[in-house]
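*Asks:* need coordinates for the following:
(one chain, ligands or ions: 2)
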Amino acid sequence: MMFDYLFSPIKLGQVELKNRISFQPHLTNFAEHCMPSERHMYYWGERAKGGAGLIITEEMSVHPTDTAYEKLVEAFHAEVIPGFRKITDYVHQYDAKIFCQLNHNGQQCDGSISRLPVWAPSPMPDVLFRETPKEMEPEDIEEVCRYFAKSAVHVREGGFDGVELQFGHSSLARQFLSPLTNFRSDEFGGSLENRMRAPLMFIEAVRKAVGKDFTLGIRLCADEMIPGGLDLGQIQEIGARFEASGLIDFMDLSIATFYNLYLVEGSMHTPLGYTIPLAAGMREKLKLPVFCTGRINDPVMAEKVLANGQADMIGMCRALICDPFLPKKAQEGRLADIRYCVGDNQGCIGRMGINRTLGCIQNPAVGLEKEWGEGTLKPAPVKKKVMVVGGGPAGLWAAKMAGRRGHRVDLYDRNDNLGGQVLTAMKGAGRDEFGVIIRNEKDQVDKAGVKVHLQQELTPEQILKENPDVVVVATGSQPKSRPVGGADGPAVFNVWQVLDGKPELGEKICLIDYDGHHRATSTAERLADLGKTVHIITSSLFVGAELGPTQDLYLTRQRLLQKGVTFTPDIAVMEVGGEAGAKEIKGFNVYSNQWQTWGPFDSVVLAMGQQVDADLYFALKGKVKELYRIGDCVAPRKVDMAIWEGHKTGRSI
Ligand SMILES: Cc1cc2nc3c(=O)[nH]c(=O)nc-3n(C[C@H](O)[C@H](O)[C@H](O)COP(=O)(O)O)c2cc1C
Ligand code: SF4
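*Replies:* Numbers count the residues shown, from 1 in each chain. Ligands and ions are numbered 1, 2, ... in the order given. The predicted structure is shown next:
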């Protein structure tokens, strides 16, 4: 497949890009003392090496009142310049351009970090941060302009090729533009002209500071997607007025707000390319180059968007977090080698949500490019005979990495397909894309020279007979056999059995959820899709308690409610009793301690935890030269840790 459009050059202002792929701005938490770090340099450098034409950095703060996160780079300090220089020099050696995103987050900030009042157009708390801001006085607006300008000078002096002002989903500028957040009656509120005044002042201040020949663009929220907010029609008008100012060179786009954060980084429950109509709508009205971003994780889709004239640039954020070398692989026609992002949001946005450094479930090298990035894997000095038992994510990754290092690797799995628990998890409602994790790896395992043996459950004796140098046990975990009294009774099943379609289930089902994650909710939804009446009892405050950070909570609950699923939270389930057709659940409310009984149900489904499958490991312990235990058979966790441990082990053998 040729990608004529994707790999054609384009000019943004004075800057010529070699192709149309932009690594989109996103937080990393890699800053050190609010300064750019070496980790940033290697992180962005890896994507430049991987072929992206443009890198746009994470948002950098322009003012002390802008503290959305503890680790924002504070671009308003001149001390950022040497760090900026290191980053831009490093990126430039790979023939990529790099812009810096500048932002003030306005009401979408946390004053407890800065110990300053949060600033906003109106004293209205943001829905996530819930802190009442100070209504900005005109001199505050002037001050922010000066700080935008000062920061932009640092950006230019730091060697960046351009600057992007964040006017999108999380920004003071959007809050001025939107009737959702701007209730002012002075010259900064009311009419569109007034609401655009402060954002235009920010642009003017930056343009004046960086000069005419420095590329300057904005990232506009193309649709707030909320009643009373700005819609595409209004944003087209706003975009046209910004364009008419003659001060900007490109129009990057985002979508939504913190009311509907699940749309900003749509998960796998949001369609691929979900913002394409918005970009197309903006491009229709503008002459400036327009970006399109949102679940375009595939060069084929990217090419189509460009060929159809729906955008001029393709923004890829998670796609390149997951595979920094996607552009290069596409250009070389190696589509099967691309590690496609699956939109699970666990490693990237999920880790940001809990204030960790950025990661990716499929790419353990994120943030560790210096140690684990492209070109760091060295051939093993001594070639060993390696047996990996268990073909789930942990085993697959261990086998692949060991194979790449030149070891002689055999991978065994008792099932007829590689993938372990992922193959079951992907059967949950809307979770099929999760299976791409395995599809991504199968070819890579073959290319690493690993010999795969399916439908082979090895005994310890068989392994010892082979006399391997190394055994990696990755035998996974299973649902707990008896997590609660009565779990072994009639008509009681676990989620794995249900997703694998094994049991005959009645019509009225109770699902007991101690998981809080997709394991429970996607099973409940699948049952509802089959026409069953489903009630969920959970020990948590609410159903889907673990789904917030990945931004799956809102849509999951919406779908469950629309499908008639009912919930009881706060319950410690102590016993499952009764016969098939008349099952009863006994438990107590964890706050009132009052006992209750639910039922009758035809069947009960348990999502009450996993137990290790580690018999093989213990049987081999002390009997092989080098023995590793990785993934769920150490302690049942999520796929990110399985892949992490597989990767790390495969590298170290
Ligand atoms: C972890 C993470 C942090 C983000 N932080 C920012 C940010 O600082 N500024 C911004 O404009 N967009 C931010 N975004 C949004 C992305 O730029 C992009 O619009 C979004 O991820 C959808 O694109 P994708 O489907 O290619 O990932 C962030 C996205 C992720 C995944
Ligand atoms: S963690 Fe998941 S959603 Fe995030 S970049 Fe990696 S594969 Fe994509």
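
*Asks:* quick check: the nearest residue to residue 621 once chain neighbours are set aside vs ligand 1, distance?
*Replies:* Nearest non-adjacent residue to residue 621, counting by C-beta to C-beta, 6 or more residues apart in numbering: residue 627, 6.5 Å away. All C-beta atoms are positioned from the backbone trio N, CA, C, and that covers glycine. Separation of residue 627 from ligand 1 (C-beta to the nearest ligand atom, to the nearest Å): 37 Å.

*Asks:* tell me, how many neighbours does residue 627 end up with?
*Replies:* 15 (other C-beta atoms under 10 Å).

*Asks:* A helix includes it, no?
*Replies:* No - the assignment for residue 627, made by DSSP: H, G, I helix; E, B strand; the rest coil, is strand rather than a helix.

*Asks:* who touches it in this structure?
*Replies:* Neighbour list for residue 627: 470-471, 473, 617, 620-621 [criterion: C-beta atoms under 8 Å, 6 or more residues apart in numbering].

*Asks:* is ligand 1 contacted by stretch 216-229?
*Replies:* Yes - counting by C-beta under 6 Å from any ligand atom, ligand 1 has neighbours in stretch 216-229: residue 219.

*Asks:* so is the residue in the chain sticking out farthest from the centre in a helix, a strand, or just coil?
*Replies:* What lies farthest from the middle of the chain is residue 465; by C-alpha atoms, centre = their mean that is 44.2 Å. Under three-state DSSP, the three-state class of residue 465 is helix.

*Asks:* that one and ligand 2, how far apart?
*Replies:* Applying C-beta to the nearest ligand atom, the value for residue 465 to ligand 2 is 39 Å.

*Asks:* use 324 as the first number from now on
*Replies:* In the new numbering, first residue 324, that becomes residue 788.

*Asks:* what's the closest non-adjacent residue to the single nearest residue of the stretch 674-823 of the chain relative to ligand 1?
*Replies:* Closest to ligand 1 within the stretch 674-823 of the chain is residue 675: 4.4 Å, counting by C-beta to the nearest ligand atom. Spatial nearest neighbour of residue 675, chain neighbours left out: residue 350 (5.5 Å); criterion: C-beta to C-beta, 6+ apart.

*Asks:* just checking, next helix/strand downstream of the longest helix along the chain?
*Replies:* Counting by DSSP state H, the longest helix found in the chain is helix 461-480. With elements assigned by DSSP states H and E, the helix or strand that comes after helix 461-480 is strand 485-490.

*Asks:* now what about that next one, what contacts it?
*Replies:* Residues outside strand 485-490 that contact it (C-beta under 8 Å, 6+ apart) are 335-336, 338, 348, 379, 382, 420, 422-426, 471, 475, 478-479, 496-497, 500, 522, 525-526, 529, 533, 537-544, 572, 575.

*Asks:* near residue 339, how many other residues are there?
*Replies:* The burial count for residue 339: 12, using other C-beta under 10 Å.

*Asks:* same thing with residue 684?
*Replies:* Residue 684: 26 surrounding residues under other C-beta under 10 Å.

*Asks:* all strands of the stretch 574-723 of the chain, in order?
*Replies:* Shown for the stretch 574-723 of the chain, the strands assigned by DSSP state E, counting those that start in this stretch span residues 614-616, 636-639, 708-712.

*Asks:* what helix or strand does the residue nearest to residue 675 sit in?
*Replies:* With DSSP H and E as criterion, residue 350 is part of no helix or strand.
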